[in-house]
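K.L.:
my questions concern the predicted model and sequence given below.
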Amino acid sequence: MLEGPLHRTDPRQLRIVHCVRAPIGGIFRNVLDLAAAQTASGHLVGIVLDSLTGGDFEADKIAAAAPHLALGITRLPMPRTVNPMDLLTGWRVFQTVRALAPDILHGHGAKGGSFARIVGTLLSATQKPVARFYSPHGGTLHYAKKSLAGRVFFTVERMLERLCDGIIHVSRYEATTYLDKVGTPRCRASVIVNGLRPEEFAEVMPNKDAADLLFMGMMRELKGTDVLIRAIALVRDRTGVAPSANLLGEGQDRAAYERLARDLGLDGAVRFLGSKPTREGFAMGRVMVVPSRAESMPYIVLESIAAGMPLIATRVGGIPEIVGSASRALVEPGNVEAMASMITETLCDPNAAHAKAMDARKALRERFTVEHMASSVEWLYFRALARRRGTKEAGATPSLQTAD
């Protein structure tokens, strides 16, 4: 019998375990938001995640969240690539999750999703029924449909559908991509967009020494940092003045981007400042730039709009679902010339940029909230668990965006 905070006292109280590999970026933000909202609703929540990824910034986030989660946070080594070590990690995940005795096992990303579905199935076969959920967050869907790696991963995704009670996509774009690359899911699939907390809609004013442009994200090719750097150089070549930029974040390609900035003569204009807390970072720039080559439903776009920042972003993934597909703030991914032109246009008329930002903020507040996200996910949990237990489904149906 479990004692203390682990003991269930409410029949509607769920034991929920989230499994995710990397404690970084929007995927971890989504997990932390869900865990906090589910805890506030009275559920017992825990997280299992990688111990190999992240630095002091991520460690501080984990340390701050752990005391509030009844089932705690467990870190295990989970290499990013497919690795023989995955067998040992899978066994350790199984042992950890079995001790937590979840009703719900929710995997996020490719590796976290694989562990959750396999472990949840094994637990259901040996103990009580466990409802298994999977949120891709892009993940394997970023691979090209006809590439060798893509064909392998999409085949694995197809096989794992039989071990899943529900797929939760964070954007309609992701759901459509899944249909195209993997096929019609054999389990239920829904679209539940990411949400923001009420306090995140407070406007952030730039510091006196704020740069013209701000980038916040992982330093990797997928995020298009090189496109932004080249666009800044092109603006300088066209106008004679390079806009200043603060680039915040870490990642495997940071050193390469620092070399690129030096090679293009942008040492004085482009600064690499490492990771910062989100709203502290927002005050370090006047215009947010999201030059990604691929995305699903990026939190940085949601957060910067909520903070009242003018935005320049690429027309990829779920970004058009946030700002509107016809928005002039969107440019084609990888297009340095188009990015440079949009930077020039935005910086030349800051009053117009601010007015557009205020309109976007108002529209966002009506659509993207943590409350809606968490309540919709919770309803899916109860529905799936009721099916597995053969009991009546509990609760009223929320306003779900479905991709069934």
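P.N.:
Thanks, I have the structure now.
K.L.:
over to stretch 346-354 now: how far is its first residue from its last?
P.N.:
One end of stretch 346-354 to the other measures 9 Å (C-alpha to C-alpha, to the nearest Å).
K.L.:
give the buried residues for it.
P.N.:
Neighbour counts over stretch 346-354 (16 or more other C-beta atoms under 10 Å) mark T346, L347, A353 as buried. For the C-beta atoms, the positions are set from N, CA and C on the backbone; glycine is no exception.
K.L.:
could I get the full set of strands for the stretch 251-400 of the chain?
P.N.:
270-272, 285-290, 311-314, 330-331 (DSSP state E, counting those that start in this stretch).
K.L.:
save those as JSON lines, and put in distance to A261, mean neighbour count and mean pLDDT too.
P.N.:
Formatted as JSON lines, the strands of the stretch 251-400 of the chain follow (distance: least, C-beta to C-beta, whole Å; neighbours: other C-beta atoms under 10 Å; pLDDT from 0 to 100):
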{"stretch": "strand 270-272", "distance to A261": "4", "mean neighbour count": "20", "mean pLDDT": "98"}
{"stretch": "strand 285-290", "distance to A261": "14", "mean neighbour count": "26", "mean pLDDT": "98"}
{"stretch": "strand 311-314", "distance to A261": "18", "mean neighbour count": "25", "mean pLDDT": "97"}
{"stretch": "strand 330-331", "distance to A261": "20", "mean neighbour count": "22", "mean pLDDT": "96"}
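K.L.:
G107 contacts R132, doesn't it?
P.N.:
Yes: with contact defined as C-beta atoms under 8 Å, G107 counts as touching R132 (7.5 Å).
K.L.:
which residues are common contacts for the two?
P.N.:
Common neighbours of G107 and R132, using C-beta atoms under 8 Å, 6 or more residues apart in numbering, are A116, R117.
K.L.:
the buried residues of stretch 346-354 into CSV, with extra columns for distance to G217 and pLDDT?
P.N.:
Converted to CSV, the buried residues of stretch 346-354 look like this (distance: C-beta to C-beta, whole Å; pLDDT from 0 to 100):
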residue, distance to G217, pLDDT
T346, 19, 97
L347, 21, 97
A353, 21, 95
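K.L.:
and the next element down the chain from the helix or strand harbouring R132?
P.N.:
Taking DSSP states H and E as the definition, R132 sits inside strand 131-135. Note on strand 131-135: by DSSP H and E, the next helix or strand toward the C-terminus is helix 148-160.
K.L.:
which helix runs longest in this protein?
P.N.:
Looking across the chain with DSSP state H, the single longest helix is helix 370-389.
K.L.:
in the stretch 101-250 of the chain, where is pLDDT below threshold?
P.N.:
Of all residues in the stretch 101-250 of the chain, none has pLDDT under 70.
K.L.:
show me the helices in it, by range?
P.N.:
Ranges of helices in the stretch 101-250 of the chain, per DSSP state H, counting those that start in this stretch, are 109-126, 148-160, 172-181, 225-239.
K.L.:
deepest of these, which one?
P.N.:
Sort the helices of the stretch 101-250 of the chain by mean neighbour count, taking mean count of other C-beta atoms under 10 Å, and helix 109-126 sits at the top with a mean of 22.
K.L.:
now do it against helix 370-389, angle only.
P.N.:
40 degrees (axes from the mean of the first three to the mean of the last three C-alpha atoms, to 10 degrees).
K.L.:
helix 109-126 - contacts with which helices or strands?
P.N.:
Secondary-structure packing of helix 109-126 (3 or more C-beta pairs under 8 Å, 6 or more residues apart in numbering; DSSP states H and E): strand 15-20, helix 85-100, strand 104-108, strand 131-135, helix 148-160.
K.L.:
can you do 7 Å?
P.N.:
Counting contacts by 3 or more C-beta pairs under 7 Å, 6 or more residues apart in numbering; DSSP states H and E, helix 109-126 is packed against strand 15-20, helix 85-100, strand 104-108, strand 131-135.
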